[in-house]
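Engineer: compute the structure for the input listed below.
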Amino acid sequence: MARVKANRQSSPQSNIKPLLKPEHLWANRVSAFWGEIVPYLRYVVQSGLGMVLVFGIVAGIALYASFIEHIPPLFPVRELAWVLISPLVAYMTIRTFLVPADLVFLLRQEHKLGAYIRKSLRYSLFPRMLLLIMGWVILWPLYHRADPEPKSFLVMLFVLIMLKLVALHGSWVERHISDVRWRFILRAVRYVWAWGVTACWLWLDIAMAGIVTGAAGILYIICARRIPALRFPWEAHMEAERVHVNRVYTFLGGFVDLPTMNERRFARPWLDWLGNRFAFRRDQAYGYLLTKTFLRSELLGIILRLVAIGLLLLWWTRHTMWNGFILLLFLTAIHAQCNALYQMHRHDVWRLLYPLEKDARTKAVLQLSTEIQVIVTLLLLIPIWTGMTSFGYRLSVSILSALFIIFFRLQNKAKHRKQDDDED
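Structural biologist: From the prediction side, this is the model:
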């Protein structure tokens, strides 16, 4: 793992220039953010993840083409389209690149930030709209062949674009809600609405789907506007920006040393027992500390999302021999994310004050990382073992997965201990 010194406190985003026009200020903020991120991307590529993704895309295209030519009878294409498209319609987050110092320098210019906000909305909508369009374009050949009454490609594309615009409006209104509880309720309503209207367009005829969707959309917008809202939610904008930046740096932390990461913490009391299983002993101090930190970190959410996507894909391919490749691909991706565990508490001062072993943290990281990968592997093997492939193939995939875990552990052990020796 390459070591790079990241100084987030002296970020170019902190150099506030209130005299700039909103368009110029927006351009400076965007260029400053990507100026911080782009230098780290080469370490992601050098880690081998880029090659794995390219190979995965090529193999995925071949698998998809083969599957389209031999679609099983009564294949649940509508259910699959509903599960894949609905999240793409519902998901919407808005980037504003606002920082805490803006409350001092830009508060009086709030009425002049209209152009800035419009650029923020366009910037936030474009990649998410593109992802939705790509999802529908990729899904269309399967939907067109397997659905007994497929709707027109252009009609569905237009509908999905309109639904995404409504989701953008809803997300923007949510951002202005002052009450956190109402904001959470409205976000939940947006997701329920998105899944519901997507189902309407997949199962109902065009006329009925249009009526139901139009009525639901109007009702959703009216309800959202009835809740008391702020004119310009500075704190909500900055909190959303902090969350997004932390997610980006959490991902990059799996590939490059970012000692100044300011991670987001979540209260998950129902998982406390996983950390409390450690005895109050010196040799288990880091095991307790790292487990507690991991359970409250953004990293747990990232791994859970990867597992959920992996289970969906493996269940879809459980009767084919492609599922072994998909399993190993997800194990590699999760291993890359587990590398972020090594950054946790690496630069704490207190570790130099207490009488702990020199390599106690490295041992605890290796143990926790291995435990996570073993649990994830067992979960991802469930669809493979419930498929109709041969027993020998399933056993071979299981053994190969175990060898992957052993290889990852030995690789991390050699790499991290070498880094510890260099630091000493």
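Engineer: quick one, what contacts residue 63?
Structural biologist: Counting by Cβ atoms under 8 Å, 6 or more residues apart in numbering, residue 63 makes contact with 317, 320, 322. Heads up, the C-betas are built off the backbone N, CA and C, glycines and all.
Engineer: which one (most neighbours) among those?
Structural biologist: residue 317 (22 neighbours; other Cβ atoms under 10 Å).
Engineer: returning to that earlier point: please flag which of the contacts of residue 63 sit within helices.
Structural biologist: Applying DSSP state H to the contacts of residue 63, no entry is found in helices.
Engineer: do you know how far residue 54 is from residue 190?
Structural biologist: 35 Å (Cβ to Cβ, to the nearest Å).
Engineer: oh, I was asking about residue 34
Structural biologist: 29 Å.
Engineer: more neighbours, those two?
Structural biologist: Each of residue 34 and residue 190 has its neighbours counted (other Cβ under 10 Å); residue 190 has more, 23 against 11.
Engineer: starting at the chain centroid, how far to the strand or helix carrying the more buried one?
Structural biologist: Taking DSSP states H and E as the criterion, residue 190 maps to helix 180-203. Relative to its chain's centre, helix 180-203 lies at 19 Å (Cα atoms, centre = their mean, to the nearest Å).
Engineer: going by contacts, tell me the helices and strands next to the helix or strand following that helix.
Structural biologist: Counting by DSSP H and E, the element after helix 180-203 in chain order, helix or strand, is helix 206-226. If you count contacts as 3 or more Cβ pairs under 8 Å, 6 or more residues apart in numbering; DSSP states H and E, helix 206-226 packs onto helix 153-176, helix 180-203.
Engineer: between helix 206-226 and helix 180-203, how big is the angle?
Structural biologist: Interaxial angle of helix 206-226 relative to helix 180-203 (axes from the mean of the first three to the mean of the last three Cα atoms, to 10 degrees): 170 degrees.
Engineer: direction-wise, compare helix 206-226 with helix 153-176 and give the angle.
Structural biologist: Using the same axes, to 10 degrees: helix 206-226 against helix 153-176 is 10 degrees.
Engineer: okay, now the domains of this structure?
Structural biologist: Domain segmentation of the chain under automatic domain parsing yields 2-246, 265-423.
Engineer: residue 252: which of these is closest?
Structural biologist: domain 2-246 (4.8 Å; Cβ to Cβ).
Engineer: report the contact partners of the spatially most central residue of the chain.
Structural biologist: Among the residues of the chain, residue 302 comes closest to the average C-alpha position under Cα atoms, centre = their mean, at 5.6 Å. Residues near residue 302 by Cβ under 8 Å, 6+ apart: 247, 250-251, 337.
Engineer: any idea which helix or strand comes after the helix or strand where it lies?
Structural biologist: For residue 302, the host element (DSSP H and E) is helix 298-316. Using DSSP H and E, the next helix or strand after helix 298-316 towards the C-terminus is helix 323-338.
Engineer: can you give me the mean pLDDT across that following helix?
Structural biologist: Taken as a whole, helix 323-338 has an average pLDDT of 84.
Engineer: output that helix as CSV, restricted to C-alpha atoms.
Structural biologist: Coordinates of each C-alpha in helix 323-338 appear next as CSV, following Å, rounded to 0.1, in the frame of the first residue of the first chain:
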residue,chain,number,x,y,z
ASN,A,323,-21.0,-17.7,-10.5
GLY,A,324,-17.5,-18.8,-9.5
PHE,A,325,-15.9,-15.9,-11.3
ILE,A,326,-18.4,-13.5,-9.9
LEU,A,327,-17.7,-14.8,-6.4
LEU,A,328,-14.0,-14.3,-6.8
LEU,A,329,-14.5,-10.8,-8.2
PHE,A,330,-16.5,-9.7,-5.2
LEU,A,331,-14.0,-11.3,-2.8
THR,A,332,-11.3,-9.2,-4.4
ALA,A,333,-13.4,-6.1,-4.1
ILE,A,334,-14.2,-6.7,-0.5
HIS,A,335,-10.5,-7.5,0.3
ALA,A,336,-9.6,-4.1,-1.2
GLN,A,337,-12.1,-2.4,1.1
CYS,A,338,-10.8,-4.4,4.1
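Engineer: residues in contact with that helix?
Structural biologist: Contacts for helix 323-338 (Cβ under 8 Å, 6+ apart): 47-49, 52, 56, 59, 251, 254-255, 299, 302-303, 306-307, 309-310, 313-314, 317, 369, 372-373, 376-377, 380-381, 383-384, 387, 389, 393, 396-397, 400-401, 404-405, 408.
Engineer: among those residues, which are in helices?
Structural biologist: Per DSSP H, the subset of the contacts of helix 323-338 in helices is 49, 52, 56, 59, 251, 299, 302-303, 306-307, 309-310, 313-314, 369, 372-373, 376-377, 380-381, 383-384, 393, 396-397, 400-401, 404-405, 408.
Engineer: which of these count as buried?
Structural biologist: 49, 56, 251, 299, 302-303, 306-307, 310, 313-314, 369, 372-373, 376-377, 380-381, 383-384, 397, 401, 404-405, 408 (16 or more other Cβ atoms under 10 Å).
Engineer: look up how far residue 244 lies from residue 298.
Structural biologist: Separation of residue 298 from residue 244 (Cβ to Cβ) stands at 11 Å.
Engineer: out of the two, which sits in the more crowded spot?
Structural biologist: Between residue 298 and residue 244, residue 298 has the larger neighbour count (other Cβ under 10 Å), namely 20 against 16.
Engineer: wait, that one sits on residue 246?
Structural biologist: Yes. Using Cβ atoms under 8 Å, residue 298 makes contact with residue 246 at a distance of 6.1 Å.
Engineer: and stretch 115-127, C-alpha only, in CSV?
Structural biologist: Coordinates of the C-alpha atoms in stretch 115-127 are reproduced here as CSV (Å, rounded to 0.1, in the frame of the first residue of the first chain):
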residue,chain,number,x,y,z
ALA,A,115,-26.7,30.2,-10.4
TYR,A,116,-24.4,28.2,-8.0
ILE,A,117,-27.3,26.0,-6.9
ARG,A,118,-28.5,25.4,-10.5
LYS,A,119,-25.0,24.2,-11.5
SER,A,120,-25.1,22.0,-8.4
LEU,A,121,-28.3,20.4,-9.4
ARG,A,122,-27.2,19.8,-13.0
TYR,A,123,-23.8,18.4,-11.7
SER,A,124,-25.6,16.0,-9.3
LEU,A,125,-28.3,14.9,-11.8
PHE,A,126,-26.1,14.1,-14.8
PRO,A,127,-24.2,11.0,-13.5
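Engineer: and the nearest residue to residue 103 once chain neighbours are set aside, how far from residue 157?
Structural biologist: Excluding the flanking residues, the one nearest residue 103 by Cβ to Cβ, 6 or more residues apart in numbering is residue 234, at 5.7 Å. Counting by Cβ to Cβ, the separation of residue 234 from residue 157 is 37 Å.
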